[in-house]
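**Student:** Fold the following, please.
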Amino acid sequence: MKFKKLKIAAFAILVGLVAFDLSKGILYENMGIGSNQEYLSTFGVALNKFKATQNGDIASMKRLRMYYGFWQHDMEARSYWLEKCAEAGDPECNYTLAILYIRSKNQPEKGLPIMEKAAKMGSADAKKFLEESEAVKQTV
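**Tutor:** I've put the predicted structure just below:
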């Protein structure tokens, strides 16, 4: 009898946690934080990891990058998903990765080829960055 009550209690706790987790994503979405809040719930993270790893889904990689960078403050995981997204061919992620190498890590020799790749992919920000960099070089 006690075992059955324990199973019921454990199930009730699990249902409560699932309901809380799902409502957290809905709450953040209604608060207007970010453009896509699916990465805020545990189930959203698991779904995005599956889509990113199994299907190479760039949108899922971006959500994971945001989740780890802004919500978990795990910069190693954020960088991992940023690099995966860039490797998958996203111009925005290539631009962001290039900026990370050029400005934050002080490795322009590694960042500039990525910036050029982002510009070739159509990133307006990358094109602007390269034009401004060239203008600075000419005035020096």
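
**Student:** The helix or strand hosting Ser60 packs against which elements?
**Tutor:** Here Ser60, judged by DSSP states H and E, is contained in helix 58-66. Of the remaining helices and strands, those touching helix 58-66 by 3 or more CB pairs under 8 Å, 6 or more residues apart in numbering; DSSP states H and E are helix 42-55, helix 75-87, helix 91-99. All C-beta spots, glycine's among them, are computed from the backbone N, C-alpha and C.

**Student:** Can you list the low-confidence ranges for this structure?
**Tutor:** 1-7, 9-43, 135-140 (pLDDT under 70).

**Student:** one step back: most tightly packed of the helices and strands packed on helix 58-66?
**Tutor:** helix 91-99 (a mean of 22; mean count of other CB atoms under 10 Å).

**Student:** Packing partners of the following helix or strand past that one?
**Tutor:** With elements assigned by DSSP H and E, the helix or strand that comes after helix 91-99 is helix 108-120. If contacts are counted by 3+ CB pairs under 8 Å, 6+ apart, helix 108-120 sits against helix 91-99, helix 124-139.

**Student:** Same list (those helices) but as TSV, adding distance to Pro113.
**Tutor:** Compiled in TSV, the helices and strands packed on helix 108-120 are given as follows (distance: least, CB to CB, whole Å):
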stretch	distance to Pro113
helix 91-99	8
helix 124-139	11
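
**Student:** wait, which of those helices is closest to Gly56?
**Tutor:** Gly56 lies closest, by CB to CB, to one member of those: helix 91-99, at 12.8 Å.

**Student:** angle of that closest one against helix 58-66?
**Tutor:** 40 degrees (axes from the mean of the first three to the mean of the last three CA atoms, to 10 degrees).

**Student:** so what secondary structure elements neighbour helix 91-99?
**Tutor:** When contacts are defined as 3+ CB pairs under 8 Å, 6+ apart, helix 91-99 packs onto helix 58-66, helix 75-87, helix 108-120, helix 124-139.

**Student:** of all those, which gets the most neighbours per residue?
**Tutor:** Compared across the helices and strands packed on helix 91-99, helix 58-66 shows the largest average neighbour count, a mean of 22 (mean count of other CB under 10 Å).
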